[in-house]
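**Student:** I would like to see how this sequence folds:
(chains A and B)
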Amino acid sequence: MSQTKTFSLDGRTIPFEEGETIMEAAAAAGVYIPHLCHHPEFKPHGSCKLCTVNIGGRLGAACTNRAAEGMQVESETEAINADRLALTQMLFVEGNHICPSCEKSGNCQLQAVAYHLGMLTPHFTHFYPSRDVDASHPDVLLERNRCILCELCVRASRDVDGKNVFGIGGRGIKARLIVNSASGRLADTDLSVTDRAAEVCPTGAIIRKRHGFTVPIGHRLYDRRDIAEAPVAGMEGPKRG
Amino acid sequence: MSKQDVCDLPGIVARWQHDSANLVQILRDIQESCGTIPSDTLDQLAKLLGVPRVRIEATASFYAFFHAESHGAYEVLFSDNIVDHMAGKEDLKQYFCERLWLEPKKLSEDGLVYVDDTADIGLADQAPAMLVNGLAIASLDKARLDLVAELIRAKKPLDEWPPMLFEIPDHVRKAGPLTGEAFVPGAALRAMIARGTEATLAEVEAANLRGRGGAGFKTATKWASCRKAEGTAHYVVCNADEGEPGTFKDRVLLASHADLVFEGMTACARVIGAKQGFLYLRGEYRNLLERLKSVLAGRREAGLLGQNILGEAGFDFDIEIHLGAGAYICGEESALIESLEGKPGKPRNRPPFPDRCGYRNQPTVVNNVETFACAARIVERGGAWFAAIGTPQSTGTKLVSISGDCQRPGVYEYPFGVAVQQILIDCGAEDAHAVQVSGPSGTCISFREFDRRIAFEDLATAGAFMVFSRRRDMFEVARNFTHFFAHESCGFCTPCRVGTSLLKHTMDKLAAGKGSAYDMNEMKKIMHVLRGTAHCGLGHTAANPVVHTMEKFPDAYERRLKRLDFEPAFDLDGALATARLITGRDDEWAHIADEP
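**Tutor:** Numbers count the residues shown, from 1 in each chain, chains lettered A, B, ... in the order given. Next comes the predicted model:
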């Protein structure tokens, strides 16, 4: 297959295949664009907006905009990274993210993106929302305080597991992760610990019980490398180019 | 509209063809007949419709008019636009609550009545207004509220209330081709059949008609692109989710000129090859439903809808009405389509746009009510006639919904290009200081800019025109709008979900006299993030009211600033409120005084 189409990303020539998004083409070339709701295995979602890039003078999400021949894309600019930092800080203050006491610390993409963007404080006033923790399931903990509404679990359960365990209820700042049971409890859904949905969470909102500290803090994925070098666990480095 | 204890769930589901795409309509019918949507109903619906419960709960919990807890036999919702406030809404609401011995947001102890606020209900010219069990009552004053309280206390069913309570006059103050000239149903379709479909599209093109929803996209381009797009079916959708606070012109078009609107939709159907159309009517306009259904029935009878329209073989088209359920975001076309498909109203990723991938992922034209009304006139009278009205870039007339500080609020039909100053003279707004053009998501202009014109090339507008006199506090206007956006954000994208709440909190902080120049800069920063990164127009424009008023009425902000540098958001005295409540103390020593 001929592979001649290219676009420019921060001055670098990026090859792409017809139909690929900017994010996909950049990842294939080993270029990191910060993101949280994007995952290469799932349908693009476009809600976190961290992957916002400048596409020929217009801002748009790299994960939902398709690459086009000759397109001029800017990603690593001071202004865009300032917006990304503000968005990350917004995600921190709308939930209750207490990294020092979180089992996911060091493997958490929210925390890793914050480090990558040089976030030193949450900046905005904390919302301190009151959110439910659901420990009913024997093998999986649902900690809504850490949910960033990326819907990866929703997509994984629906599209991979074929179960529809998760969904988003409510609206606006009251949007919340809901589960597929009349009781509202995770234990009453058909979620299994081996489901893709049980391990896809980028933060500590959905975690396996009894595995929180099998790898000590300090030795975890993002303790060792910046998220730009390992955007998704197990998928390190470029796949093309 | 009387609420029964038993809900005929299978009957409701059957009425909507057991189709989960009609979920919003099914939930509306359950809510209307039972007064609530209880949790076990969601399980039954999941079984009846064969979809996961979690999806039904997602939709049921998204829309403001759906609730699982009882709101009693009478749910009273006061419209909460700034214009309602200016007309005394808060005092009247308090008066009403006192008459019935109840507190807002709390079901009365006898389970009879529930009072709360709701976003603008499309009656700004007749403010303050409210909804009782979904039906609008306008021009509230103490006498009318006394009567409503009497009727509620006597437990009279709503259909036995005096009809005059529900009368909503049109208030057309300046008529034009859409609002003032007689229309013979079928006139446009006959002209179309005589002229031919291609030639009709050419007339719409020649008219240079642009979308009346505010964005101003060329209608003929949209129709032509949808006509060309491939699909198993094509659809026509009329966006009657007129939710922009201060707008009500579509309500008047639908109440008194529905034939014009339906005829425009039918002409569009002929052009793009659609057999099915939808009128997505905002839930707040529930009172128009029966009237609109009878207009549709009349059109079917006259051979203007249904099979072989006007005897033309293969010209088949019909229109179904879907009601919204309290979600401003559904005015955004792709969110509207999601809602039509029974889902929460969250805007889709675009492209593709609806003209290629809309309702059920098929080519769909979504146009505003007024756009279809204009289209019908163009098809009837020709593009040149229309293009001769207005300005070259903004042809035709524009309906303006005027409210606020003026003597003659109502609907005014102007040729495009009219100056704000002229409108102010016509509506009797001698003391105007500012005008919010096109609602909270539009533009706030000050008295220095009254020479500006209503046109796509200057002040683009979806129709709202709220007038504020010298004695109004423009800070409070903006604060009301930030509360509106925070309430209406769908919550899909980070910047809008969090940013609209941050703006609301900051404006409340300023209102409490605890703001500083730092907070003003913060709001500008949030605006920058919203404009650049939000998912849709709601987020892009949510900070407009703050930014525009800050720029044009800085005094309104500056006199509220406590300090010029920084003031913490943390309120030490406020943090003790819970402790005061628990200990039952409210004396001097239970408070921490502000520093001098």
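**Student:** any idea how far residue B:121 is from the residue sitting nearest the centre point of chain B?
**Tutor:** The centroid of chain B falls nearest to residue B:243 when counting by CA atoms, centre = their mean (0.8 Å). Per CB to CB, to the nearest Å, residue B:243 is found 9 Å from residue B:121. Every C-beta, even on glycine, is put in place using the N, C-alpha and C of the backbone.
**Student:** and for residue B:76?
**Tutor:** Look at residue B:76 and residue B:121: by CB to CB, they are 12 Å apart.
**Student:** ditto for residue B:249
**Tutor:** Remark: distance between residue B:249 and residue B:121 (CB to CB) = 14 Å.
**Student:** shared neighbours, residue B:76 and residue B:121?
**Tutor:** Common contact partners of residue B:76 and residue B:121 (CB atoms under 8 Å, 6 or more residues apart in numbering or on different chains): B:130, B:131.
**Student:** more neighbours: those two, which one.
**Tutor:** Using other CB atoms under 10 Å in any protein chain shown as the criterion, residue B:76 and residue B:121 rank with residue B:121 on top: 29 against 26.
**Student:** just the element for that one, please.
**Tutor:** According to DSSP states H and E, residue B:121 maps onto no helix or strand at all.
**Student:** what about residue B:527, how many residues nearby?
**Tutor:** The burial count for residue B:527: 20, using other CB under 10 Å.
**Student:** what touches both of residue B:243 and residue B:121?
**Tutor:** Going by CB under 8 Å, 6+ apart, residues that sit against residue B:243 and also against residue B:121 are residue B:284.
**Student:** so what's residue B:59 up against?
**Tutor:** Counting by CB under 8 Å, 6+ apart, residue B:59 touches B:23, B:24, B:27, B:342, B:343, B:344.
**Student:** please identify the helix or strand for it.
**Tutor:** helix B:53-60.
**Student:** just the mean pLDDT for that helix, thanks.
**Tutor:** Across helix B:53-60, pLDDT averages out at 98.
**Student:** stretch A:4-22 too?
**Tutor:** Mean pLDDT, computed over stretch A:4-22, is 96.
**Student:** now do the same end-to-end measure for it.
**Tutor:** Criterion CA to CA, to the nearest Å; first-to-last residue distance in stretch A:4-22 is 16 Å.
**Student:** domains of chain B?
**Tutor:** Domain segmentation of chain B under automatic domain parsing yields B:9-60, B:74-169, B:174-387, B:397-472, B:475-563.
**Student:** what's the closest of these to residue A:29?
**Tutor:** Of all these, domain B:174-387 sits nearest to residue A:29, with 22.9 Å by CB to CB.
**Student:** and that closest one, how far apart are its ends?
**Tutor:** Rule used - CA to CA; the end-to-end distance of domain B:174-387 is 20 Å.
**Student:** wait, doesn't residue B:35 sit right on residue B:71?
**Tutor:** Yes - between residue B:35 and residue B:71 there is a contact under CB atoms under 8 Å: 6.6 Å.
**Student:** got a list of contacts for the helix or strand where residue B:151 lies?
**Tutor:** Residue B:151 belongs to helix B:142-153 when elements are defined using DSSP H and E. With contacts defined as CB under 8 Å, 6+ apart, helix B:142-153 is touched by B:74, B:76, B:92, B:95-96, B:99-100, B:112-113, B:132, B:137, B:161-162, B:165.
**Student:** switch to 7 Å and redo it
**Tutor:** With contact meaning CB atoms under 7 Å, 6 or more residues apart in numbering or on different chains, helix B:142-153 is reached by B:74, B:92, B:95, B:96, B:99, B:100, B:112, B:113, B:132, B:137, B:161, B:165.
**Student:** which bits of chain A sit near chain B?
**Tutor:** A:46-49, A:52, A:59, A:64, A:83, A:86-87, A:90-91, A:94, A:124-125, A:164, A:166-173, A:175, A:178-180, A:182 (CB under 7 Å from any CB of the partner chain).
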